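Novice: quick check, what structure comes out for this input:
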Amino acid sequence: MDIFSIFTLFGGLAFFLYGMNVMSSGLEKLSGGKLEKMLNSITSNPFNALVLGAGITIAMQSSSALTVMLVGLVNSGIMNLSQTIGVIMGSNIGTTLTAWILSLSGIESNNFFLQLLKPESFSPIIAIFGILLIMVSKKDKNKNIGTLMIGFSILMCGMHFMADSMKPLAEIPQFTNILTAFNNPILGIIVGTIFTGIIQSSAASVGVLQALSITGGITFGMAIPIIMGQNIGTCVTALISSIGVGTNAKRVSVVHISFNVVGTVVFLLIFYLGHIIFNFSFLKSAINPFQIAVCHTVFNIATTVLLFPFINQLEKIAMTVIKDKKVEAEDNVFLDERLLLTPAFAIKECEILTIKMAVIAKKNFFRSLKMLNNFSEKRMEKIQRKEPIIDKYEDKLGTFLVNLSTKNLSDSDSREISMLLSTIGDLERIGDHAINILKVAKELHEKNINLSDNVKQELQLIIEALSEIMETTIDSICNNDTKKAKMVEPLEQVIDILVSDARDKHIKRIQSRECTLTDGFIYSEILNNIERVSDHCSNIAVYQIQVNKSSFDKHAYLNNVKSFKDAEFNENFDMYKNKYLKIPVYNA
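Specialist: Numbers count the residues shown, from 1 in each chain. Reported below is the predicted structural model:
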């Protein structure tokens, strides 16, 4: 084998791995995070988790990448260990698809239509259509389809290079002598494990084996142990990813390893015990790419069927190997960096955490408002305890989203990240306003100042409107409800009127000496914070509306609705005016 063939082999492998990476990126963007979102929602049922694991692995073209993602999800506290086991089993089935696609290269026929089934025949055509979609189309969806097609063509080109580089090996006696060593099944498992561990892709490792089989020098007896070892080797990526993570996240890697090791040991014993009894003569026959795909699929499906009833036992093995620490510090990582490998999924998880942050900020603000009439040391401690948590959400989410924005994203994903960054900023400010109100409440309590009945009446009405705008805003975030979001700005305008009216009335009370100047400053501070919270709700809703319109021009939207050119805005504004402004605020 000359130096040129060696370069061709490794160059082909490089093309193969890069094509797989491009395919994964295109498929992930095309799914828009839908498969990934389901991962966290329907994995409570082991069978559903298995099917979903197979589906996501087919989309991502990598069982290793899926396991790394699971480590990140468990480390972030988004999923628990038991949810991941069925997904891991399903990923072993999903990863067999690549071998079936590659097996088409082994078709030998002069029939025109059968020749078209060979990847080297149709992949150039796919590449042409793919590049046209990328260059001509303006839609993200079509561009992602084009990326997927280009990735597939590159992958097939790599496979073709590897196959061509292997063909001369068939004529070299030394190569045949080396292959005879692989008749030892233990050695075959070790080679499969090490090689797959090095390139960190079982699909690519199987592809190399299929390319090698084209020489005719690989027998069933050599290939089967190597295939078993490849499944163990794919665990290396997950093992590496588990370094520096929490206890449960480490257990995900243990489950992955134990599943593949136990499956390999059991089937190795069963298979070779059967060989001793029945003498499998086919083990000495040459194997082709199609038959490798069959063996790979049968082994992975059989392993899953065998171990599926023992999901609980696999979990116990992981719990035994990685024991709970007696004192384990609270894990402050909200989003694991490993999620950056799958941007669409990472965005969905950022949305979930943004919703959690919104709920915490809302509850904390209303706790502080209650303190105005009913001061409580216990409630004050809770408010003060929650504020750093809100800040931590903003810090962790913000840093993660900025890192995520540097990835290869679609235009819609980029807009989504911009919206989330803006939203968490406004939510953090709402948390700050809760502390501001708390300070006012503490001052009222310490100075024994009682708000007048008129002020309480005004505040009650304004707080009712504020409660509605916050509930509407958070509902719009939770359900991605643009219709709800469009109801926020009209209500914000009404709250501005209520606050302005309250200020005017309080100035008259100060002038008539019904209230002191100190009361005036305190009441003004309360109104300022309420008004600012209302503004932040407006910001959040407008971001959401504009992103759903594939835009991010906040000022253009606000200028349009405030000029009363928007019929829906006018209708909602009239509704809120009738609800809040017709109720007498203060009888002067």
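Novice: who are the packing partners of the helix of greatest length in the chain?
Specialist: If each helix of the chain is counted by residues according to DSSP state H, the longest one is helix 411-446. Of the remaining helices and strands, those touching helix 411-446 by 3 or more Cβ pairs under 8 Å, 6 or more residues apart in numbering; DSSP states H and E are helix 343-370, helix 377-405, helix 517-548. Every C-beta, even on glycine, is put in place using the N, C-alpha and C of the backbone.
Novice: and the first one, what other elements does it pack with?
Specialist: Using 3+ Cβ pairs under 8 Å, 6+ apart as the contact definition, the elements that helix 343-370 packs against are helix 3-31, helix 34-41, helix 377-405, helix 411-446, helix 453-479.
Novice: try 6 Å this time
Specialist: Packing partners of helix 343-370 (3 or more Cβ pairs under 6 Å, 6 or more residues apart in numbering; DSSP states H and E): helix 34-41, helix 377-405, helix 411-446, helix 453-479.
Novice: equivalent analysis for the last one, please.
Specialist: Other helices and strands packing on helix 517-548, by 3+ Cβ pairs under 6 Å, 6+ apart, are helix 411-446, helix 453-479, helix 482-485, helix 488-511, helix 554-562.
Novice: what residues of the longest one count as buried?
Specialist: Right, the one you point to is helix 411-446. By neighbour count on 16 or more other Cβ atoms under 10 Å, the buried set for helix 411-446 is 412-424, 426-438, 440-441, 444-445.
Novice: and if you look at the third one?
Specialist: Of the residues in helix 482-485, those buried by neighbour count under the rule 16+ other Cβ under 10 Å are 484-485.
Novice: centre of the chain versus it, how much separation?
Specialist: 25 Å (Cα atoms, centre = their mean, to the nearest Å).
Novice: stretch 281-297 now?
Specialist: Using Cα atoms, centre = their mean, the offset of stretch 281-297 from its chain centre is 37 Å.
Novice: and that stretch, end to end?
Specialist: 21 Å (Cα to Cα, to the nearest Å).
Novice: same deal with stretch 400-415?
Specialist: 15 Å.
Novice: same deal with stretch 318-335?
Specialist: End-to-end for stretch 318-335, by Cα to Cα: 23 Å.
Novice: one more: stretch 338-348?
Specialist: Span of stretch 338-348 from end to end, Cα to Cα: 14 Å.
Novice: mean confidence score for that stretch?
Specialist: The pLDDT scores in stretch 338-348 average 78.
Novice: cool, stretch 185-192 as well?
Specialist: 88.
Novice: count of neighbours near Val265?
Specialist: Burial of Val265 is recorded as 13 neighbouring residues (other Cβ atoms under 10 Å).
Novice: distance of it from Leu273?
Specialist: 12 Å (Cβ to Cβ, to the nearest Å).
Novice: same deal with Val74?
Specialist: From Val74 to Leu273 the distance is 37 Å (Cβ to Cβ).
Novice: of these two, which one has the most company?
Specialist: A count of neighbours by other Cβ under 10 Å puts Val74 above the other of Val74 and Leu273, at 25 against 10.
Novice: check contacts around the more buried one.
Specialist: When contacts are counted by Cβ atoms under 6 Å, 6 or more residues apart in numbering, Val74 touches 248-249, 252.
Novice: can you pick the most crowded of these?
Specialist: Result: Val252 is most packed of the contacts of Val74 (other Cβ under 10 Å), 31 neighbours.
Novice: what helix or strand is it on?
Specialist: helix 247-278 (DSSP states H and E).
Novice: related to what we said a few turns ago, dump the helices and strands packed on helix 517-548 into CSV; add distance to Leu339 as well.
Specialist: Below are the helices and strands packed on helix 517-548 laid out as CSV (distance: least, Cβ to Cβ, whole Å):
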stretch, distance to Leu339
helix 411-446, 13
helix 453-479, 20
helix 482-485, 27
helix 488-511, 30
helix 554-562, 28
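Novice: let's have the ones you listed in CSV, adding distance to Lys348 and mean pLDDT.
Specialist: Shown next, in CSV, are the helices and strands packed on helix 517-548 (distance: least, Cβ to Cβ, whole Å; pLDDT from 0 to 100):
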stretch, distance to Lys348, mean pLDDT
helix 411-446, 9, 91
helix 453-479, 13, 90
helix 482-485, 18, 91
helix 488-511, 23, 90
helix 554-562, 24, 66
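Novice: from Ser202, how far out is the most centrally placed residue in the chain?
Specialist: Geometric centre of the chain, nearest residue: Phe345, 2.1 Å, by Cα atoms, centre = their mean. Here the criterion is Cβ to Cβ. By it, Phe345 lies 21 Å from Ser202.
Novice: and if you look at Tyr272?
Specialist: 22 Å.
Novice: who has more neighbours out of the two?
Specialist: Neighbour count, other Cβ under 10 Å: between Tyr272 and Ser202, Ser202 has more, with 32 against 16.
Novice: what's around the closest residue to that one other than its chain neighbours, how many residues?
Specialist: Closest residue to Ser202 apart from its sequence neighbours, by Cβ to Cβ, 6 or more residues apart in numbering: Thr234 at 3.9 Å. Neighbourhood size, Thr234 [other Cβ under 10 Å]: 29.
Novice: you'd agree Thr234 is up against Ala203?
Specialist: No: Thr234 lies out of contact with Ala203 (Cβ atoms under 6 Å); the separation is 8.7 Å.
Novice: show me the common contact partners of the two, please.
Specialist: By Cβ under 6 Å, 6+ apart, no residue touches both Thr234 and Ala203.
Novice: for Met319, see how far away Ser253 is.
Specialist: 13 Å.
Novice: would you mind measuring from the residue nearest to Glu471 when sequence neighbours are not counted to Val499?
Specialist: Excluding the flanking residues, the one nearest Glu471 by Cβ to Cβ, 6+ apart is Lys362, at 7.9 Å. Note on Lys362: its distance to Val499, by Cβ to Cβ, is 19 Å.
Novice: most remote residue from the chain's center?
Specialist: Ser512 (60.3 Å).
Novice: and the gap between it and Glu525?
Specialist: Distance of Ser512 to Glu525, given as Cβ to Cβ: 21 Å.
Novice: repeat for Leu9
Specialist: Going from Leu9 to Glu525 by Cβ to Cβ gives 74 Å.
Novice: who has more neighbours, the two?
Specialist: Leu9 (21 against 15).
Novice: show me the shaky parts of the stretch 151-300 of the chain.
Specialist: 163, 166-182 (pLDDT under 70).
Novice: what do you get if the cut-off is 80, keeping everything else the same?
Specialist: Where the stretch 151-300 of the chain drops to pLDDT under 80, the residues are 155-156, 159-160, 162-183, 199-201, 203, 215, 237-238, 240-246.
Novice: what segments of it are helices?
Specialist: Assigned by DSSP state H, counting those that start in this stretch, the stretch 151-300 of the chain shows helices spanning 173-180, 185-199, 202-213, 220-233, 235-241, 247-278, 289-307.
Novice: out of everything not next to it in sequence, what's closest to Thr304?
Specialist: Of all residues not flanking Thr304 in the chain, Met89 sits nearest, at 4.8 Å (Cβ to Cβ, 6+ apart).
Novice: what does whatever helix or strand the one you found lives in rub up against?
Specialist: Per DSSP H and E: Met89 is located in helix 81-94. Contact with helix 81-94 is made by 43, 46, 49-50, 53-54, 57-58, 63, 66, 70, 248, 251-252, 255-256, 300-301, 304, 311, 314-315, as judged by Cβ under 6 Å, 6+ apart.
Novice: chain center to stretch 243-253: distance?
Specialist: That offset, for stretch 243-253, works out to 18 Å (Cα atoms, centre = their mean).
Novice: kindly report the same for stretch 303-321.
Specialist: Taking mean C-alpha positions (Cα atoms, centre = their mean), stretch 303-321 and its chain are 25 Å apart.
Novice: next, the buried residues of it.
Specialist: So stretch 303-321, judged by 16+ other Cβ under 10 Å, has buried residues 303-304, 307-308, 311, 314-315, 317-319.
Novice: could those go into CSV alongside distance to Asn279 and pLDDT?
Specialist: Shown next, in CSV, are these (distance: Cβ to Cβ, whole Å; pLDDT from 0 to 100):
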residue, distance to Asn279, pLDDT
Thr303, 24, 92
Thr304, 28, 93
Leu307, 28, 92
Phe308, 31, 93
Ile311, 36, 92
Leu314, 34, 91
Glu315, 39, 91
Ile317, 35, 92
Ala318, 39, 92
Met319, 42, 91
